[in-house]
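Peer 1: Here you go, sequence then predicted model.
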Amino acid sequence: MPAEKPGPTVAFHGVTKSFGEAAPAVGDVTLEIAGGSFVALVGTSGSGKSTLLKTINRLVAPTAGHVMIEGADVADRPLPALRRGIGYVFQNVGLFPHLTVGDNIALPLRIAGRAMETRVDEMLDLVELPRDLARRMPAQLSGGQRQRVGVARALVAGPKLLLMDEPFGALDPVTRDSLGQAVRALHDRLGLTTIMVTHDMAEALLLATRVLVMQQGRIVADETPQHLLAGHGGDAAQALVAVPRTQAEQLAALAR
Ligand code: ADP
Ligand code: MG
């Protein structure tokens with residue numbers, strides 16, 4: 001059942017980020033993401049996906065342009081308040097190895113000075129991990145379990161906007177698949193706005209409601225999965241769609 005109030009809208013207005021003299025990592029991106037959507041940001045390595053994502057939680061400051069959440073410029077908000085409203089999951093999770101799983105999950109609450117015990121149990125339930133994992137150390141978990149803890153930590157303060165940067169990249173394909181579906185289910189249940197960076201078009205097509213394709217810092221395609229599969233979106237997008245499609249065809253041919 002969807003929550004009454006969906007996640008926030010996110011808008012980019014002419015967002016550009018240059019690092020030194022090189023061609024801009026992000027070049028003049030303008031687009032609006034509707035509240036409650038699940039957007040995949042896809043592109044080859046170095047195309048500017050992470051840089052664009054990080055302009056939302058101000059890990060990166062644009063050289064030009066503005067990022068708005070619900071119509072308010074993120075540059076105008078105090079950083080702690082901004083970050084509390086945004087869950088952020090990145091590759092290799094970044095759990096603190098010397099803290100228990102429970103303390104890792106509760107860290108954002110502790111920083112915000114809020115009560116935490118019940119929330120940890122609740123979050124473990126949410127990501128479908130047994131509650132007794134709270135007492136373990138991160139090294140005692142599988143890669144998939146660690147990634148679930150990363151999602152729990154990202155959501156513990158109750159953000160309605162979830163940013164994920166190649167969250168499942170280091171996982172085996174089966175774990176990756178089930179975790180992807182779990183995150184999509186959480187997105188639907190909590191009514192989040194989710195933006196997921198991935199280089200994997202198959203993952204984007206299966207999980208997202210909207211797929212943005214980035215190439216050399218620009219958005220070169222903006223399509224639904226259905227439209228991409230029907231051949232729309234241009235050459236760069238179709239080159240990415242061709243990868244899983246060719247694999248599926250090869251598998252189908254083998255099975256004949
Ligand atoms: P992606 O996430 O799509 O792989 P990135 O956004 O990480 O791409 O990088 C886009 C471009 O910006 C790359 O050419 C990368 O080398 C460059 N870049 C990213 N971060 C920095 C940085 N902190 N300093 C200098 N160049 C950077
Ligand atoms: Mg990246």
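Peer 2: Arrived safely, thanks for sending. The shown structure was predicted, so the numbers you read here are calculated from the model rather than taken from an experiment. Ligands and ions are numbered 1, 2, ... in the order given.
Peer 1: shouldn't residue 83 be in contact with residue 57?
Peer 2: Yes - if you go by Cβ atoms under 8 Å, residue 83 and residue 57 touch, sitting 5.8 Å apart. For the C-beta atoms, the positions are set from N, CA and C on the backbone; glycine is no exception.
Peer 1: give me every residue that touches residue 163.
Peer 2: By Cβ atoms under 8 Å, 6 or more residues apart in numbering, the contact list for residue 163 reads 53, 56-57, 86-89, 194-196.
Peer 1: how about 6 Å then?
Peer 2: 53, 88, 195 (Cβ atoms under 6 Å, 6 or more residues apart in numbering).
Peer 1: Secondary structure element for it, which one?
Peer 2: Element membership for residue 163 (DSSP states H and E) is strand 161-165.
Peer 1: now the residue nearest the centre of the chain: how far from residue 249?
Peer 2: Taking Cα atoms, centre = their mean as the criterion, residue 164 is the residue nearest the geometric centre of the chain, at 2.0 Å. Going from residue 164 to residue 249 by Cβ to Cβ, to the nearest Å gives 29 Å.
Peer 1: Check residue 37 too.
Peer 2: Relative to residue 249, and taking Cβ to Cβ, residue 37 is found at 30 Å.
Peer 1: ok so, going back, off-centre distance for the strand holding residue 163?
Peer 2: A distance of 3 Å separates the centroid of the chain from that of strand 161-165, by Cα atoms, centre = their mean, to the nearest Å.
Peer 1: Show the average pLDDT along stretch 216-228.
Peer 2: Throughout stretch 216-228, pLDDT has a mean value of 97.
Peer 1: any bit of that stretch sitting next to ligand 1?
Peer 2: No - judged by Cβ under 6 Å from any ligand atom, stretch 216-228 makes no contact with ligand 1; its nearest approach is 7.0 Å.
Peer 1: and that stretch, which residues are buried?
Peer 2: Buried residues in stretch 216-228, counted by 16 or more other Cβ atoms under 10 Å: 216-221, 223, 225, 228.
Peer 1: Going by neighbour count, list what's buried in the single longest helix found in the chain.
Peer 2: When the chain is parsed with DSSP state H, its longest helix is helix 235-255. Along helix 235-255, these residues count as buried under the neighbour rule (16+ other Cβ under 10 Å): 236-238, 240-241, 244.
Peer 1: and the least confident of the contacts of residue 163?
Peer 2: The minimum pLDDT among the contacts of residue 163 falls on residue 88, with 94.
Peer 1: quick one: it and residue 197, what's the gap?
Peer 2: Taking Cβ to Cβ, one finds residue 88 at 11 Å from residue 197.
Peer 1: So these two - more neighbours on which side?
Peer 2: For the pair residue 88 and residue 197, the greater number of neighbours falls to residue 197 (27 against 22), based on other Cβ atoms under 10 Å.
Peer 1: Next one: the closest residue to residue 201 other than its chain neighbours relative to residue 35, how far apart?
Peer 2: With sequence-adjacent residues excluded and distances taken as Cβ to Cβ, 6 or more residues apart in numbering, residue 201 is closest to residue 240, at 4.1 Å. From residue 240 across to residue 35, the span is 27 Å (Cβ to Cβ).
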